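Visitor: After the sequence you'll find the predicted model.
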Amino acid sequence: MIDWTALPDRDPSDAELAAVVAALRSPDPVERDERAYPRLAGWAPVLPEERRLALGDAMAERFADPEIQARTFAPLVLARLVAAGALRPGWVDAFARWYPAETDLRGHHPELGWLHAVAHGADLLAAFGQHPDVDPVPLLHLGAARLLAPTGHVLDSMEDDRLGFALALTLTRPELTEDAAVGWLDAVAEVFAAGEPGPMPAEISNTLRTLRVVHLLAVRGVRPKWGGDEVRTLPHGAAVGGRIAEVLSTAAPYLG
């Protein structure tokens, strides 16, 4: 058992760190979400670089874990590490393999608590999207792949908002060309154009709602910190907004 009250605010021992990392995999939502995650989030920016990288490696391995709660809490810790400046290219690769392939998209489970694969993954996508050493273009395509992956689950806990925010934040990168800023939408347009009459598939509904968020932020700008005063504009916001409007009108003609 971990004595949570005795854990240090910084510089945990190897045994303490390992115990909290193990608790992040727990099916008990109190142990995982209310105890382990806040502790790791607090340690992430203050650990020495070597230990931050080791923690990130452990989280990247979790993307292949058989337990859903282990897979979906790993990106939250990785996002904290990346925001603190830590990065390995392998973390991006591991995330890219997992994110569009995850099939369990439940927001909340009555026993496991918050799972939130799409939302937690979006937080990591946003962190990668702000890191100067990560190419933003593949991240945009990765977000589209997540949205378009076939699923029977309609996002119901604001996951679409979180992913829309992450995509819009990535689109604030100044080195993006206009073609790159809108090119990731081609895959969406292709899928929408191939749609047939009948009930709307869940992934199409999810994509429509997420793109509406990106469109709003392309117009208004993005606050990197929720509730903060800083607002970043999208260098190609007008082009992104216009292309999204075109794409949306394919699936929802009344928006055209």
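Guide: Cool, the structure landed. Owing to the predicted nature of the structure, the values given are computational and were not obtained by experimental measurement.

Visitor: In contact with residue 230, which residues?
Guide: Residue 230 is in contact with 223-224, counting by C-beta atoms under 8 Å, 6 or more residues apart in numbering. Heads up, the C-betas are built off the backbone N, CA and C, glycines and all.

Visitor: Reduced to three states, what does residue 199 come out as?
Guide: The three-state assignment at residue 199 reads coil, by DSSP: H, G, I helix; E, B strand; the rest coil.

Visitor: What's the local residue count around it?
Guide: Residues near residue 199, counting by other C-beta atoms under 10 Å, number 7.

Visitor: what's the pLDDT at it?
Guide: Predicted confidence (pLDDT) for residue 199: 91.

Visitor: now it: how far from residue 152?
Guide: Computed with C-beta to C-beta, to the nearest Å, the distance linking residue 199 and residue 152 is 11 Å.

Visitor: Kindly report the same for residue 17.
Guide: As for residue 17, its distance to residue 152 is 38 Å (criterion: C-beta to C-beta).

Visitor: do residue 76 as well
Guide: Going from residue 76 to residue 152 by C-beta to C-beta gives 25 Å.

Visitor: Which one's more surrounded, these two?
Guide: A count of neighbours by other C-beta under 10 Å puts residue 76 above the other of residue 76 and residue 152, at 22 against 9.

Visitor: Thought residue 124 was touching that one, still the case?
Guide: Yes. Using C-beta atoms under 8 Å, residue 76 is in contact with residue 124, at 7.5 Å.

Visitor: all strands of the stretch 1-150 of the chain, in order?
Guide: Assigned by DSSP state E, counting those that start in this stretch, the stretch 1-150 of the chain shows strands spanning 108-109, 113-114.

Visitor: and the ones you listed, which is most packed in?
Guide: Neighbour counts (mean count of other C-beta atoms under 10 Å) averaged over each of the strands of the stretch 1-150 of the chain peak at strand 113-114, with a mean of 18.

Visitor: partner strands of that strand, parallel or antiparallel?
Guide: Here strand 113-114 has these sheet partners by DSSP bridges: strand 108-109 (antiparallel).

Visitor: what distance separates the strand it pairs with from the middle of the whole chain?
Guide: Strand 108-109 sits 18 Å away from the centroid of its parent chain (C-alpha atoms, centre = their mean, to the nearest Å).
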